[in-house]
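# next one to model:
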Amino acid sequence: MGVNVAETADSVGLNSRMAALYQRDRACQGLGIALDEVSSGRARMRMTVAPTMVNGHGIAHGGFLFLLADAAFSYACNSYGPVTVAQAAQVTFLAPAAVGDELVAEAVERTRSGRTGVYDVTVRNAAEKVIAEFRGQSVMLAGAPHVGPQQAG
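Coordinates of the predicted model:
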């Protein structure tokens with residue numbers, strides 16, 4: 001795992017929080033999902049499709065693609081500190097992935113308001129072909145809610 005952000009005082013705290021979260025993330029570790037980068041509201045994770053991840057058609061099972069995208073979403077929405085979880089999510093599968101394909105999931109925050117947020121995740125293969133698009137809605141369980149410009153006062 002490599003958390004790749006500039007070494008400012010804020011990013012050092014982010015690095016240590018995300019590294020600690022990853023160390024407790026047995027699902028990602030068990031499936032070989034690596035955390036490559038994380039910054040406020042963003043994350044990039046990667047996974048190589050193993051033979052045990054294919055369905056009866058010989059292509060990557062959608063559940064594993066969803067899990068990779070969901071993991072990137074999780075790190076992006078937890079990058080602010082308070083415990084944040086998925087409230088809802090959907091995925092659109094656009095192309096198959098095969099055994100040996102290295103997939104990269106990039107999560108980007110679209111908006112946060114109060115205790116909720118919306119994040120988009122794109123899953124691509126090494127040739128940059130889009131394999132899946134994922135949208136997740138998050139909800140903060142602990143900590144202070146985000147105060148956006150429309151709420152500041």
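# roughly how far is stretch 81-99 from the heart of the chain?
Per CA atoms, centre = their mean, to the nearest Å, the displacement of stretch 81-99 from the mean C-alpha position of its chain is 7 Å.
# what of stretch 54-74?
Distance of stretch 54-74 from the chain centroid (CA atoms, centre = their mean) equals 13 Å.
# could you pull up the mean pLDDT of it?
Taken as a whole, stretch 54-74 has a mean pLDDT of 97.
# likewise stretch 103-114?
97.
# mind checking how far that stretch is from the chain centre?
Centroid separation for stretch 103-114 versus its chain: 7 Å, with CA atoms, centre = their mean.
# list the contacts of it.
Residues outside stretch 103-114 that contact it (CB atoms under 8 Å, 6 or more residues apart in numbering) are 36, 40-49, 60, 65, 68-69, 71-73, 75-77, 97, 117-125, 131, 134, 136, 145-146, 148, 150-151. (Each C-beta comes from the backbone N, C-alpha and C, glycine too.)
# strands of the chain, residue ranges please.
Ranges of strands in the chain, per DSSP state E, are 34-39, 42-48, 84-93, 102-113, 116-124, 130-140.
# in CSV: those strands, plus distance to Cys28 and mean neighbour count.
Converted to CSV, the strands of the chain look like this (distance: least, CB to CB, whole Å; neighbours: other CB atoms under 10 Å):
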stretch, distance to Cys28, mean neighbour count
strand 34-39, 7, 20
strand 42-48, 7, 22
strand 84-93, 15, 14
strand 102-113, 11, 18
strand 116-124, 14, 21
strand 130-140, 16, 19
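# understood, closing this out.
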